[in-house]
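1. mind folding the following:
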Amino acid sequence: MEKAEEYIRREVHRLYWEHDENCARTTLRILSGLTGIAIGNQTLAAASGLHGAGGYGAQCGLVEGALMFLGIVASLEGYEDIPGLCRKFASLFESSFGSLRCSELRPGGFSPSDPPHRCEELTCRSILYAYRFLKEAFPPKSVAECRHWM
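-> So this is what the prediction gives:
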């Protein structure tokens, strides 16, 4: 079985360079692939502008995509305090990465001459971080469920 880190790295590269996905949609798609939890088209459409508020540089799409997926998993698990869980993730993410803002997390910030997908390495690290958070928050309850976690 492929390791989560290898899967994340391969899929981030593929989604960025072959499909020109943004970071929020990439996060949702990869967390879906890692857990076996399907993401609907409406959810993906909602995440279309969530890459720093459409490139404005506000909250990072890596955080937004992870928070969206966390809410999906929490609702499937019957977890009632989704805002509290999201707050905990955001606090831990900020402590680990130094910010929640795209303009602060993006290597080199923003400029008109930016190369595409400048955040590829950051994306890999943040998706792995979100995946580990999910595994800790919602450990598998059965052997069958374990198969969905890499």
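
2. so where's the protein shaky on pLDDT?
-> Applying pLDDT under 70 to the chain flags the ranges 1, 52-57, 109-112, 115-116, 141-150.

3. spell out, range by range, the helices that occur in it.
-> 4-19, 23-35, 41-46, 52-55, 61-76, 82-97, 102-105, 120-137, 143-146 (DSSP state H).

4. ranking the ones you listed by burial, who's on top?
-> helix 23-35 (a mean of 24; mean count of other CB atoms under 10 Å). Using the backbone N, CA and C atoms, a C-beta is placed for each residue, glycine as well.

5. just want the angle from that helix to helix 61-76.
-> Between helix 23-35 and helix 61-76, the angle comes out at 40 degrees (axes from the mean of the first three to the mean of the last three CA atoms, to 10 degrees).

6. list the contacts for the residue most central in space within the chain?
-> By CA atoms, centre = their mean, the mean C-alpha position of the chain lies nearest to Thr27, the distance being 3.2 Å. Thr27 is in contact with Gly61, Leu62, Glu64, Gly65, Ala66, Phe69, Thr123, Ser126, Ile127, Ala130, counting by CB atoms under 8 Å, 6 or more residues apart in numbering.

7. so which of the residues you listed is the closest to Glu104?
-> Leu62 (12.1 Å; CB to CB).
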